[in-house]
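[1] got a predicted structure here, sequence first:
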Amino acid sequence: MRDSISKKQECKLLPNQRIVGRWQRNSYRIIRELGYGATGTVYLAEGRGELVALKIASDSMSITSEVNVFRQFSKVQGPSLGPSFYEADDYVSAGGVYPFYVMEYINGQPFLPFLRQRGAEWTGILIVQLLKDLHQLHKAGWVFGDLKPENLLVTENPNCVRWLDVGGMTIQGRAIKEYTEFFDRGYWGLGNRKAEPSYDLFSVSMLFMNRGYPSRFEKTQEKSFTRLMTKFRQKDVIRPFEPVFRRGIEGKYKDALDMRSDLIQLLHGTTFTPKVSISVKPKTNITRREQKKIKQQQPSNPKKRRSLGVLESMLVASFILVVYILYLFGQTM
Ligand SMILES: Nc1ncnc2c1ncn2[C@@H]1O[C@H](COP(=O)(O)OP(=O)(O)OP(=O)(O)O)[C@@H](O)[C@H]1O
């Protein structure tokens, strides 16, 4: 992006359209639109012999700032953090010059829809993973800033949470660049907008809340802390996480690892409703041996199945769940 680009109309790309970068001369075939945000439109494309995500904008300002974050951050980025950055270039069309950048395509399901099909414990499991990545980001001197479900995707096999949108990433100590009110401690009057790890940990707590309230809600005259705690306790699907949620919004965690170990402990000590956990097993990274073991524990004959008492089924399910959670932690540690 070496040109100064004047404001022009949005660049719409069509399926099968081929675009070639002005400087690097790499060619990309557009497959479909993945989504759009304030800074531009993201397309799934084919290029460099693989599927990629290509973000194109009409002006270079915000896209340049995202590219700069990617460039600085790629020095510290681990394999499970945000998408890898590939290159930035300009697309010259009859309508003008459009800056774009190319990054790794993350093939995943959006965070909340994924969780809606799973048992309550899954919110905790994904957040345990997320906190590990956040800790790495914080250690590198950054804060995510605009942490919300729209910026998270969950991949399959194994189920891993990945984040998108580096637009809000801010160097620690500065003012948060980009935020969404529901996840912003400043909006709730429960802290400032200084980029520090506890800012992200507040947003992590609000991810739990958003799981319970997919449409979110606004502040009222009531004291925010009281309102948030009351709302949290009203939803069965998130209530077990209350102690972690509370410390997160109070800013009591010293870092993301502190919150993570608290959450792991909570998951170990809590019995979640077993029914949904069993139904998700085939889709996860559970080993064949474990699947076999689970099958052996489940009665094959329907008559026998009926004869199992409710209590017995729950005990078996809870056991499987505990084994499974321990297994997942083994994968994420
Ligand atoms: N690397 C990627 N892999 C897969 N999908 C992606 C990727 N990057 C973005 N997307 C998809 O494109 C959508 C739009 O991305 P973008 O970063 O522009 O969104 P946004 O967060 O709404 O933007 P902004 O914060 O700039 O308003 C995302 O919500 C996501 O669905």
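    Great, that's in hand.

[2] partner strands of whichever strand or helix holds residue 53, with direction?
    Assigned by DSSP states H and E, residue 53 belongs to strand 50-56. With DSSP bridges as the test, strand 50-56 is paired with strand 41-47 (antiparallel), strand 96-104 (antiparallel).

[3] take these and write them to CSV, including distance to residue 204.
    Using the backbone N, CA and C atoms, a C-beta is placed for each residue, glycine as well. What follows is those, written out as CSV (distance: least, C-beta to C-beta, whole Å):
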stretch, distance to residue 204
strand 41-47, 24
strand 96-104, 23
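
[4] and those as JSON lines, adding mean neighbour count?
    Putting these into JSON lines (neighbours: other C-beta atoms under 10 Å) gives the following:
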{"stretch": "strand 41-47", "mean neighbour count": "21"}
{"stretch": "strand 96-104", "mean neighbour count": "22"}
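
[5] buried residues in the strand holding residue 53?
    Neighbour counts over strand 50-56 (16 or more other C-beta atoms under 10 Å) mark 52, 53, 54, 55, 56 as buried.

[6] CSV for those, including distance to residue 88 and pLDDT?
    Putting the buried residues of strand 50-56 into CSV (distance: C-beta to C-beta, whole Å; pLDDT from 0 to 100) gives the following:
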residue, distance to residue 88, pLDDT
52, 13, 98
53, 13, 98
54, 11, 98
55, 10, 96
56, 11, 97
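
[7] okay, helices next: where are they in the chain?
    Assigned by DSSP state H, the chain shows helices spanning 60-73, 111-116, 121-139, 197-212, 224-233, 242-250, 256-268, 274-280, 288-297, 302-307, 310-332.

[8] which parts of the third one are buried?
    Read it as helix 121-139. 121-135, 137-138.

[9] number of residues surrounding residue 206?
    26 (other C-beta atoms under 10 Å).

[10] not counting residues beside it along the chain, what's closest to it?
    residue 183 (4.5 Å; C-beta to C-beta, 6 or more residues apart in numbering).

[11] contacting residues for that neighbour?
    If you count contacts by C-beta atoms under 8 Å, 6 or more residues apart in numbering, residue 183 has them with 146, 147, 148, 202, 203, 206, 207, 210.

[12] how many neighbours does the residue in the stretch 151-300 of the chain positioned nearest to the ligand have?
    Using C-beta to the nearest ligand atom, the closest approach of the stretch 151-300 of the chain to the ligand is made by residue 165 at 3.8 Å. Burial of residue 165 is recorded as 22 neighbouring residues (other C-beta under 10 Å).

[13] what about the closest residue to it other than its chain neighbours, neighbour count?
    Nearest residue to residue 165, sequence neighbours excluded (C-beta to C-beta, 6+ apart): residue 151, at 4.5 Å. Using other C-beta under 10 Å, residue 151 has 23 neighbouring residues.

[14] low-confidence stretches in the stretch 51-200 of the chain?
    For the stretch 51-200 of the chain, applying pLDDT under 70 flags the ranges 75-80.

[15] can you rerun that using 90?
    58-63, 65, 69-82, 95, 157, 165-167 (pLDDT under 90).

[16] ok, and the closest non-adjacent residue to residue 36?
    Of all residues not flanking residue 36 in the chain, residue 42 sits nearest, at 6.7 Å (C-beta to C-beta, 6+ apart).

[17] up against the ligand, what does the stretch 101-250 of the chain have?
    Proximity of the stretch 101-250 of the chain to the ligand (C-beta under 6 Å from any ligand atom) is limited to residues 103, 104, 105, 106, 150, 151, 164, 165, 167.

[18] ok, now which ones touch the fourth one?
    Translated: residue 106. In this structure, residue 106 makes contact with 53, 83, 153, 155, 162, 164, judged by C-beta under 8 Å, 6+ apart.

[19] redo that, cut-off 10 Å
    Residue 106 makes contact with 34, 53, 82-84, 152-155, 160, 162-164, according to C-beta atoms under 10 Å, 6 or more residues apart in numbering.

[20] residue 127 contacts residue 206, correct?
    No. With contact defined as C-beta atoms under 10 Å, residue 127 does not reach residue 206; the gap is 11.2 Å.

[21] quick check: neighbours shared by those two?
    Residues touching both residue 127 and residue 206 (C-beta under 10 Å, 6+ apart) are residue 248.

[22] kindly report the domain assignment for this protein.
    The chain breaks down into these domains under automatic domain parsing: 18-104, 109-269, 288-332.

[23] what about residue 194, how many neighbours?
    Using other C-beta under 10 Å, residue 194 has 15 neighbouring residues.

[24] distance of it relative to residue 176?
    Using C-beta to C-beta, to the nearest Å, one obtains 7 Å as the distance from residue 194 to residue 176.

[25] which neighbours do those two share?
    Taking C-beta under 10 Å, 6+ apart as the criterion, residue 194 and residue 176 both touch 143, 170, 186.

[26] how about TSV for the residues you listed, with neighbour count added?
    Formatted as TSV, those follow (neighbours: other C-beta under 10 Å):
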residue	neighbour count
143	26
170	22
186	16
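
[27] quick one: which of these is nearest residue 14?
    residue 170 (35.3 Å; C-beta to C-beta).
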